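Enquirer: show me how the following folds:
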Amino acid sequence: MPTTIVVTGTGTPIPTPDRAGPGVLVRTAETAVQFDAGRNTLARLEACGVHVSQLDALFLTHHHSDHLTGLPDLVLTRWVLDSADSGAPLRVVAPEGPTARFVERMLEPWSDDIAVRRAHTGRATQPRVELVRFAAGDSVREIWRQGEVAVSSIAVRHDPVRPAVGFRVDTPDGSVAISGDTLVCDEVAALAAGADLLIYEALRFDVYRRRFGEDRRRTFILDYHADTHAIGRQAAALGVPRLLLTHLIPPPESPEDEAGFEADVRRGGYRGELIVARDLASVTLG
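Expert: Presented below is the predicted three-dimensional model:
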């Protein structure tokens, strides 16, 4: 099969009935890797025909809860449904610091559940994670490889959340850059140089300012997310052929709202193929 990218969740901390939490699945004939695990990721993977046991690795961008709440679900379900009781761990690749610490501690609240399941079923194993840590760097660097699939990373600008990273996946069919949560910045440009697809989180700054004015309890998010107009300018300068918007703020409630995201990016100057993603939107490379 050619390399296929599926957006498993386009949502944000704001709950909506049709948008799961942030996540992207990249599949090749030999490899399946997931990036972030927001709420309801497990169900979206099943909708893609991917069982959690089939994931080769899961990569995390940062430690904000909306990107992580689905991770314990993935790990626990992988174990509960492991009929062979193999105890095969889920490989989780995370930047050193708070994100890696979360992974280390996330199963502690489930210890009583795990204990009673083991006692009741006589299972020899318990849910496990193979944590792969890496240092977030200021240049694009390969951090993982399996066969012909390579994943690289760079630190992006989501301050005060540190570290926060973006990822790039290179396969024989092409490459995809995933911004993670960030301002539009030179680091994303470096990550996306020569990529066939750029996946960017997107916030309509103008709409948000009109809606909330000077209410700092709301507008603080403009400090560390990507403005749709600026995304258009950067994507145009990069010449990336395909651009996909996700983590959409404010969450679109109608086709007209979705069209507003596209209009903003076009005003920024981007003329390539543009997808304002809904959950399970997919792109094929090659």
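Enquirer: quick one: the least confident helix or strand in the chain by mean pLDDT to chain centroid distance?
Expert: Within the chain, no helix or strand scores below helix 216-219, which has a mean of 90 by mean pLDDT, DSSP states H and E. A distance of 24 Å separates the centroid of the chain from that of helix 216-219, by Cα atoms, centre = their mean, to the nearest Å.
Enquirer: got the contact list for that helix?
Expert: Helix 216-219 is contacted by residues 208-209, 211-213 when judged by Cβ atoms under 8 Å, 6 or more residues apart in numbering. All C-beta spots, glycine's among them, are computed from the backbone N, C-alpha and C.
Enquirer: kindly list the longest helix within the protein.
Expert: helix 255-267 (DSSP state H).
Enquirer: can I get it in PDB, CA atoms only?
Expert: This file holds the C-alpha atoms of helix 255-267, laid out as PDB (Å, rounded to 0.1, in the frame of the first residue of the first chain):
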ATOM      1  CA  PRO A 255     -19.400  24.300   6.200                       C
ATOM      2  CA  GLU A 256     -19.300  28.100   6.200                       C
ATOM      3  CA  ASP A 257     -17.000  28.100   9.200                       C
ATOM      4  CA  GLU A 258     -14.700  25.600   7.500                       C
ATOM      5  CA  ALA A 259     -14.700  27.800   4.400                       C
ATOM      6  CA  GLY A 260     -13.500  30.700   6.700                       C
ATOM      7  CA  PHE A 261     -10.300  28.700   7.600                       C
ATOM      8  CA  GLU A 262      -9.600  28.200   3.900                       C
ATOM      9  CA  ALA A 263     -10.300  31.900   3.100                       C
ATOM     10  CA  ASP A 264      -7.800  33.000   5.700                       C
ATOM     11  CA  VAL A 265      -5.100  30.800   4.400                       C
ATOM     12  CA  ARG A 266      -5.700  31.900   0.800                       C
ATOM     13  CA  ARG A 267      -5.500  35.500   1.900                       C
END
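Enquirer: could you check the pLDDT of the closest residue to residue 50 other than its chain neighbours?
Expert: By the measure of Cβ to Cβ, 6 or more residues apart in numbering, the closest residue to residue 50 outside its immediate chain neighbours is residue 32, 5.7 Å from it. In this model, residue 32 is scored at 98, pLDDT.
Enquirer: kindly report the same for residue 208.
Expert: Reading off the model, residue 208 has pLDDT 93.
Enquirer: which residues touch it?
Expert: 218-219, 221-222, 249-250.
Enquirer: most surrounded residue in these?
Expert: When neighbours are taken as other Cβ atoms under 10 Å, the top entry among the contacts of residue 208 is residue 249 (22 neighbours).
Enquirer: circling back: and the longest helix of the chain, what does it pack against?
Expert: Other elements packing on helix 255-267 under the criterion 3 or more Cβ pairs under 8 Å, 6 or more residues apart in numbering; DSSP states H and E are helix 228-238, strand 242-249, strand 273-276.
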